[in-house]
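Peer 1: Whatever this is, show me its structure:
(one chain, ligands or ions: 4)
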Amino acid sequence: MLTTNPFDDDKLREECGVFGIWNADAAASFVALGLHALQHRGQEAAGISSMDAAGFHSHRAAGHVAGTFDKDEVIRALPGRTAIGHVRYSTTGSSAMRNVQPLFAELADGGFAVAHNGNISNAMKLRRTLNRRGSIFQSTSDTEVIIHLVATSHHTQMLDRIVDALNQVEGAYSLLMLTEAGLIACRDPLGIRPLVMGRIGDSVIFASETVALDVIGAHYERDVGPGEMVLVNGDGVRSFRPFVSASPRPCIFEHVYFSRPDSVVDGTSVYESRKNIGAELARESPVEADIVVPVPDSGVPAAIGFSQASGIPFELGIIRSHYVGRTFIQPSQEVRHLGVKLKHNANSALIRGKKVVLIDDSIVRGTTSVKIVQMMRDAGAAEVHMRIASPPTRHSCFYGVDTPERAKLLAAQMDVAAMAKYINADSLAFISIDGLYRALGDSRNPAVPQRCDACFTGDYPTRLTDLTDKEMAQSALRVVASR
Ligand SMILES: O=P(O)(O)OC[C@H]1O[C@H](OP(=O)(O)OP(=O)(O)O)[C@H](O)[C@@H]1O
Ligand SMILES: NC(=O)CC[C@H](N)C(=O)O
Ligand code: SF4
Ligand SMILES: [Mg+2]
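Peer 2: Numbers count the residues shown, from 1 in each chain. Ligands and ions are numbered 1, 2, ... in the order given. Now for the predicted structure:
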């Protein structure tokens, strides 16, 4: 089969990061630094495309940014004052080299390089139509659909062609596109995935997170707004709002887990958000304990908030090795189990005889919680309670985060009491969805939630055409089978 269906892929990877710069000496070296700061968003592969008077130059490779883009000869082969880059976790299409971004094509009006964070929820349907019309795909990535839609658009101007293409696409996209018309940044009408704009001197920068601006000493100017397209070229910076406007639905999970705590997402410090979530969790689900212990790394800020609100001392009861990647994103169940053991170790001298409240940001498959609770018991904890800084993850993401299919999500299989038993905790509680919004300074509007929270609520903000198609196919099969 040509296309990997994201909906029956049980690998839990993560998302992607994009970085682009206009008008800088050795633009590619800035992109390499920016991508390095976004490495947590995607560790499968990285790529940079640059543009100079001679044309487009690209280098893409599997693995981390350092290791590929730390070599002078690689950066020297990417000349030009403008460049875009990408770190990838695949959500549609395998991790094969042909799917590594930026994707590039020579279109009728010149080169076109694109870097995409997000996922197109009607990519397979569009692809089938494009295939029938004669498009020949080079990859199995959803992102390539955008290239073919731009290539086959009847409009004459590049911006119009891109708008025409994106009007046919549903789902999530924060895009950077390098074209002869200039550097173009665009965020889907709901602003599901983040995208910010910054400056350093006369250079304009776009990045998934503000941390990538910090790392090169650039200052944050503003978010690229939901549904906004920004064109940067020799004429300056121009902003367009070409899409039908909609109520924004930025991803709430960016605050819970994905973004780095030193980033500012949707105008809010992620560190502050996480501390507030921890404090709200302590108010909603208090527990009598001697120490608050974070599950490192991403549980740390929420645990600080929990400790401050409850008055229970914060202690580092689990030490993590920094030489192991995120378990959330390892490709097989065996590696994930091994990863958890390699990654965390109990600080036994501290834990022995204590009533411990563990704080983590989320439970996905439950792999981490099972191991960590057992680790606390083996270290002699008197009681082990677990508090989770997000509601139960009951639904899959179709917007650029590779969560497993529903059947593999622990919270989709059992209720909280059964989960507590499964992970062998003395008690388990999750923050409520309203509590999560409160911690972020909002009150959830159930009619039109202010954010995408679909993995907790099942309230998806767009159509999920490819999923619906699949369900239809399955139900047709069932009918055939029952005859
Ligand atoms: O229930 P599970 O399937 O185990 O997944 C959930 C865990 O995965 C993530 O951590 P991860 O170890 O990936 O990364 P982190 O170091 O950034 O917390 C998350 O923070 C939870 O701890
Ligand atoms: N996680 C992402 O944002 C992935 C982008 C794109 N859907 C891909 O699979 O390459
Ligand atoms: S489904 Fe969850 S992870 Fe995906 S965009 Fe929505 S809130 Fe974010
Ligand atoms: Mg974790």
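Peer 1: need the residues of this structure near ligand 3, please.
Peer 2: Within reach of ligand 3 by C-beta under 6 Å from any ligand atom, the chain has these residues: I192, C251, I252, F253, C397, Y399, V401, C452, D453, A454, C455. C-beta: built from backbone N, CA, C; applies to glycine.
Peer 1: Please produce TSV containing those, extended by neighbour count.
Peer 2: Conversion of those to TSV gives the following (neighbours: other C-beta atoms under 10 Å):
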residue	neighbour count
I192	30
C251	29
I252	27
F253	24
C397	22
Y399	29
V401	27
C452	26
D453	24
A454	24
C455	28
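Peer 1: Just to be sure, which of those residues are found in helices?
Peer 2: When DSSP state H is applied, the residues of the chain next to ligand 3 are split such that F253, A454, C455 fall in helices.
Peer 1: who touches the closest residue to ligand 2 within the stretch 151-300 of the chain in this structure?
Peer 2: Relative to ligand 2, the nearest point of the stretch 151-300 of the chain is R193 (6.9 Å; C-beta to the nearest ligand atom). Contact analysis of R193 by C-beta atoms under 8 Å, 6 or more residues apart in numbering lists E15, N117, G118, A172, Y173, S174, R187, S208, P250, C251, Y399, G400.
Peer 1: Distance of A96 relative to P391?
Peer 2: 35 Å (C-beta to C-beta, to the nearest Å).
Peer 1: so what's D290 closest to, chain neighbours aside?
Peer 2: Beyond its immediate neighbours in the sequence, the residue positioned closest to D290 (C-beta to C-beta, 6 or more residues apart in numbering) is K354, lying 4.4 Å away.
Peer 1: ok, now which ones touch that neighbour?
Peer 2: Applying C-beta under 8 Å, 6+ apart, we find K354 in contact with A289, D290, I291, G317, A381, A382.
Peer 1: Could you do T210 as well?
Peer 2: T210 makes contacts with V196, G198, Y220, S263, V264, V265, as judged by C-beta under 8 Å, 6+ apart.
Peer 1: Show only the entries of these found in strands.
Peer 2: When strands are assigned by DSSP state E, the members of those inside them are V196, G198, Y220, V264, V265.
Peer 1: The fourth one is in contact with R222, isn't it?
Peer 2: The reference is to V264. No. With contact defined as C-beta atoms under 8 Å, V264 and R222 do not form a contacting pair (10.9 Å).
Peer 1: The two: which is more packed in?
Peer 2: Between V264 and R222, counted using other C-beta atoms under 10 Å, the more crowded position is V264 (21 against 12).
Peer 1: so what's the more buried one closest to, chain neighbours aside?
Peer 2: T210 (4.7 Å).
Peer 1: still on that earlier bit, the contacts of K354 in strands, which ones?
Peer 2: Members of the contacts of K354 lying in strands (criterion: DSSP E): I291.
Peer 1: Drop anything exposed from the contacts of K354.
Peer 2: Burial of the contacts of K354 was assessed by neighbour count (16 or more other C-beta atoms under 10 Å); the buried members are A289, D290, I291, G317, A381.
Peer 1: any idea how far F104 is from H57?
Peer 2: If you measure F104 against H57 using C-beta to C-beta, the figure is 10 Å.
Peer 1: brain fart, E170
Peer 2: As defined by C-beta to C-beta, E170 lies at a distance of 32 Å from H57.
Peer 1: now do L436
Peer 2: The span separating L436 from H57 equals 44 Å under the rule C-beta to C-beta.
Peer 1: who's more crowded, the two?
Peer 2: Comparing L436 with H57 by other C-beta under 10 Å, the one with more neighbours is L436, at 27 against 19.
Peer 1: need the helices for the stretch 251-400 of the chain, in chain order.
Peer 2: Under the criterion DSSP state H, counting those that start in this stretch, the stretch 251-400 of the chain contains helices at 253, 270-284, 300-310, 333-343, 348-351, 367-378.
Peer 1: Quick one: closest of the ones you listed to Y323.
Peer 2: Shortest separation from Y323 across the helices of the stretch 251-400 of the chain is recorded for helix 333-343, at 8.4 Å, computed as C-beta to C-beta.
Peer 1: how about the residues of the stretch 251-400 of the chain near ligand 2?
Peer 2: Counting by C-beta under 6 Å from any ligand atom, the stretch 251-400 of the chain sits next to ligand 2 at G400.
Peer 1: which regions of the stretch 251-400 of the chain sit below the pLDDT cut-off?
Peer 2: 324-341 (pLDDT under 70).
Peer 1: Spell out which parts of it neighbour ligand 1.
Peer 2: That would be 257, 295, 297-298, 326-328, 360-369, which are the residues of the stretch 251-400 of the chain within reach of ligand 1 (C-beta under 6 Å from any ligand atom).
Peer 1: Just the buried ones from these, in ChimeraX syntax?
Peer 2: Typed into ChimeraX, the next command selects the buried ones out of these (criterion: 16+ other C-beta under 10 Å):
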select :257,295,298,326,327,328,360,361,362,363,364,365,366,367,368,369
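Peer 1: Can you list the strands that the lengthiest strand in the chain pairs with?
Peer 2: For the chain, the longest strand by residue count, based on DSSP E, is strand 110-120. Listed by DSSP bridges, the sheet partners of strand 110-120 and their directions read strand 103-107 (antiparallel), strand 171-179 (antiparallel).
Peer 1: Just the buried residues of the longest one, please?
Peer 2: It stands for strand 171-179. G171, A172, Y173, S174, L175, L176, M177, L178, T179.
Peer 1: if we can go back for a sec, what about the strands paired with strand 110-120, which gets the closest to G85?
Peer 2: Evaluated with C-beta to C-beta, the strands paired with strand 110-120 place strand 171-179 nearest to G85, the distance being 8.3 Å.
Peer 1: For the closest one, give the mean pLDDT please.
Peer 2: When the per-residue pLDDT values of strand 171-179 are averaged, the result is 98.
Peer 1: again, but for stretch 221-235
Peer 2: Model confidence over stretch 221-235 averages 98 on the pLDDT scale.
Peer 1: quick one: common contacting residues for F104 and H57?
Peer 2: Shared contacts of F104 and H57, defined by C-beta under 8 Å, 6+ apart, are found at S49.
Peer 1: hmm, who's touching stretch 460-470?
Peer 2: Residues outside stretch 460-470 that contact it (C-beta under 8 Å, 6+ apart) are 5-8, 121-125, 170-172, 190, 192, 249, 395, 398-399, 449, 452, 454.
Peer 1: can you pull the contacts of L190?
Peer 2: By C-beta under 8 Å, 6+ apart, L190 lies in contact with A172, P226, G227, A246, S247, P248, R249, P250, C452, P461, T462.
Peer 1: If we use 10 Å, what do you get?
Peer 2: Taking C-beta atoms under 10 Å, 6 or more residues apart in numbering as the criterion, L190 is in contact with 171-172, 226-227, 243, 246-251, 399, 451-452, 461-462.
Peer 1: Looking at the residues you listed, which one is closest to A26?
Peer 2: When those are ranked by distance to A26 (C-beta to C-beta), A172 comes first, at 31.6 Å.
Peer 1: How about the stretch 251-400 of the chain: which residue is closest to ligand 2?
Peer 2: Sorted by distance to ligand 2 under C-beta to the nearest ligand atom, the residues of the stretch 251-400 of the chain start with G400, at 3.6 Å.
Peer 1: quick one, what contacts that residue?
Peer 2: Shown here is G400, whose contacts under the criterion C-beta under 10 Å, 6+ apart are 6, 14-16, 41, 89, 91-92, 116-120, 142, 171-174, 192-193, 251, 258.
Peer 1: related to what we said a few turns ago, any residues in contact with both of V264 and R222?
Peer 2: Counting by C-beta under 10 Å, 6+ apart, the residues touching both V264 and R222 are V196.
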